[in-house]
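*Asks:* here's a sequence, model it:
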Amino acid sequence: MSELTAPDASAPSGHDAPPGFRPTAVAAVPLAAIGEAIGVVVPGASSAVPVTGISLNSRAVRPGDLYVALPGATRHGADFVAGAVDAGAVAVLTDDAGARLLALSNDIPVPVLLAAEPRTVVGPLSALIYRSRADGAGAPALFGVTGTNGKTTTTYFINALLRALGKRTGLIGTIEILAGGEPIPSLLTTPESTDVHALLALMRERGLDAASMEVSSHAISFHRVDAVVFDVAGFTNLTQDHLDLHGTMEEYFQTKATLFTPERAHAAVVTVDDEWGRRLAAAAGIPVTTLATSTAPTGGPTGGTASGPADAGWTADWTVVRTTPRGLGSDFVLRHRDGTELRVHTGLPGSFNVANAALATVMVLAGGHEPAAVQAALDAGDPFTVAVPGRMQLVSTAPAAVVDFAHNPDALERALEAVRSPEPGSKVIIVFGATGQRDQSKRPAMGAIAARLADTVIVSDDDPHDEDAAAIRQDVLAGALKAKDSEGLDCTVLEVFPRDAAILKAVELAGAGDTILVAGRGHEVWQEVKGVNLALDDRVELRNALTARGFTVLEDHRIES
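*Replies:* Okay, here's the model as predicted:
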């Protein structure tokens with residue numbers, strides 16, 4: 001399910017319903033208590049109806065569920081109440097429009113509750129039904145990471161560091177969900193609030209000590225983290241993305257900022273490399289630990305401005321110092337303003353992964369772990385060399401072939417800078433495109449960045465969705481060709497599609513000393529074209545193309561994530 005169509009979650013979509021992530025034992029909540037929570041009186045015998053679950057999707061309903069019928073882009077969830085009841089729903093929550101639809105159908109044999117905006121009460125109801133954070137008793141410590149780039153890697157790093165500290169951990173994010181069992185592929189950056197609260201309850205039931213979660217701006221806007229309270233919330237950065245949803249950078253910032261309030265988090269770690277971070281640190285309504293990972297603070301990103309504490313005299317609580325390369329990764333030192341230092345290593349390339357590792361470290365410290373224990377875990381476990389599927393994932397070394405999720409201007413620029421080899425004569429070949437039905441203004445910007453930082457630019461398709469793929473490619477090509485011509489850039493710009501052909505072309509052009517970067521889709525295994533999901537995994541296509549050319553690929557048992 002794409003985030004664009006997330007409001008349709010109440011109705012069946014083109015994807016399979018997400019698997020249930022529920023605890024095995026849930027104490028029933030009487031429907032009267034649910035009504036009381038949303039200000040609705042439940043009359044008569046209906047007040048005693050026992051509710052043991054909640055679902056937004058009629059196909060995911062289990063016996064004992066409250067089915068929430070929400071309006072969608074094309075259908076209303078009320079259209080699917082009969083199927084939900086057949087599956088065992090014991091009550092329905094909907095809005096006025098849903099109630100009118102139900103009045104036109106046959107009698108509904110279960111109680112129907114009305115709320116003006118039912119989506120806004122789903123989170124609190126899920127927390128009530130699953131008792132996901134009941135009095136904090138036995139609940140795992142919860143770390144939430146938001147920002148434009150770096151959320152996935154930072155949550156993996158937090159998870160790995162906590163495991164190195166001996167903790168049993170869970171993870172909720174873009175790639176997969178871990179709750180003490182086998183990894184489960186994820187459909188959304190942050191699942192719906194019904195699943196989030198069920199997962200938290202499941203983690204508590206399984207005795208997990210901590211969990212890390214990606215928190216996207218979509219999740220906040222669509223109420224997916226309502227009634228979730230994080231022990232530590234972390235902020236990576238803010239750059240141009242998702243303006244199709246938010247409209248302006250200011251609105252995008254304000255959405256992120258709501259995570260850093262007492263209703264949503266107890267404490268925060270904020271990266272203050274740009275003015276957005278400094279502004280957030282100054283305005284947050286909770287205790288904030290600040291982190292500087294760059295010695296040269298930058299201003300607000302393209303497309304907006306930020307106001308905050310002046311650069312002059314701005315000193316963070318923790319600062320990254322003495323960064324040195326080691327292999328593909330980096331060694332660095334985290335220094336506190338009181339002089340405390342931690343030695344940290346990440347095996348992943350790029351300055352942005354230094355920033356991700358630093359943020360993960362400081363968030364774990366903010367969660368109550370002592371610096372000496374963290375240092376011992378860093379030394380013994382090397383947790384920040386963990387493989388993150390589709391995030392600077394190395395497929396081969398000669399040529400260096402990398403798959404990354406970079407899909408906005410800032411991330412693309414950082415990824416290209418990270419993979420540039422210092423070896424004389426080494427070329428960078430990039431394959432990328434742009435996603436349909438998203439912010440169109442970033443397409444030419446990404447094309448221009450690729451032309452400036454790569455030797456060969458191959459523009460192909462990402463996920464066109466319902467847009468014309470050729471038109472999307474032309475937007476990206478226009479930016480690349482304009483930069484090439486106006487700036488006198490010595491690069492080659494090609495248009496090759498479909499995407500598997502573009503990857504094959506990149507490998508055909510590469511020598512053993514070159515670098516191939518396939519950007520934009522990362523871990524994704526489906527390409528959506530006109531409502532049809534086509535099997536496509538950039539890592540598999542790259543491996544196959546390299547093998548066909550006689551290059552050696554790396555073994556990675558997690559490539560099919």
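*Asks:* end to end on stretch 140-154, go ahead and measure it.
*Replies:* Separation of the first and last residues of stretch 140-154 by C-alpha to C-alpha, to the nearest Å is 18 Å.
*Asks:* quick one: name whatever helix or strand follows the helix or strand bottoming out on mean pLDDT in the chain.
*Replies:* Ranked by mean pLDDT, DSSP states H and E, the weakest helix or strand in the chain is helix 243-246, scoring a mean of 53. Later in the chain than helix 243-246, the nearest helix or strand by DSSP states H and E is helix 249-257.
*Asks:* in a helix, residue 107, correct?
*Replies:* No - under the criterion used here (DSSP: H, G, I helix; E, B strand; the rest coil), residue 107 is coil, not part of a helix.
*Asks:* what's around it, how many residues?
*Replies:* Using other C-beta atoms under 10 Å, residue 107 has 6 other residues around it. (C-beta placed from N, C-alpha, C; glycine too.)
*Asks:* how far away is it from residue 484?
*Replies:* According to C-beta to C-beta, to the nearest Å, residue 107 and residue 484 sit 67 Å apart.
*Asks:* tell me where the stretch 301-450 of the chain has helices.
*Replies:* 351-366, 371-381, 409-419, 442-453 (DSSP state H, counting those that start in this stretch).
*Asks:* relative orientation of the lengthiest helix in the chain and helix 409-419 in degrees?
*Replies:* Taking DSSP state H as the criterion, the chain has its longest helix at helix 469-486. In terms of direction (axes from the mean of the first three to the mean of the last three C-alpha atoms, to 10 degrees), helix 469-486 departs from helix 409-419 by 60 degrees.
*Asks:* would you mark the buried spots in the helix or strand following helix 469-486?
*Replies:* As assigned by DSSP H and E, the chain's next helix or strand after helix 469-486 is strand 492-495. Within strand 492-495, the residues that count as buried by 16 or more other C-beta atoms under 10 Å are 493, 494, 495.
*Asks:* nearest to residue 468 among those?
*Replies:* residue 495 (14.1 Å; C-beta to C-beta).
*Asks:* OK, contacts around that closest one?
*Replies:* 458, 459, 460, 473, 477 (C-beta atoms under 8 Å, 6 or more residues apart in numbering).
*Asks:* one more time with 7 Å, if that's ok
*Replies:* Residue 495 makes contact with 459, 473, 477, according to C-beta atoms under 7 Å, 6 or more residues apart in numbering.
*Asks:* I'd like those as CSV, with pLDDT, neighbour count and distance to residue 287 appended.
*Replies:* Converted to CSV, these look like this (pLDDT from 0 to 100; neighbours: other C-beta atoms under 10 Å; distance: C-beta to C-beta, whole Å):
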residue, pLDDT, neighbour count, distance to residue 287
459, 98, 29, 46
473, 98, 22, 47
477, 98, 20, 48
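*Asks:* quick one: residue 510 and residue 399 touch, right?
*Replies:* Yes - when contacts are counted by C-beta atoms under 7 Å, residue 510 is listed as touching residue 399 (4.4 Å).
*Asks:* tell me which other helices or strands the helix or strand hosting residue 54 touches.
*Replies:* Using DSSP H and E, residue 54 falls within strand 53-55. Judged by 3 or more C-beta pairs under 7 Å, 6 or more residues apart in numbering; DSSP states H and E, the packing partners of strand 53-55 are strand 65-69, helix 119-130.
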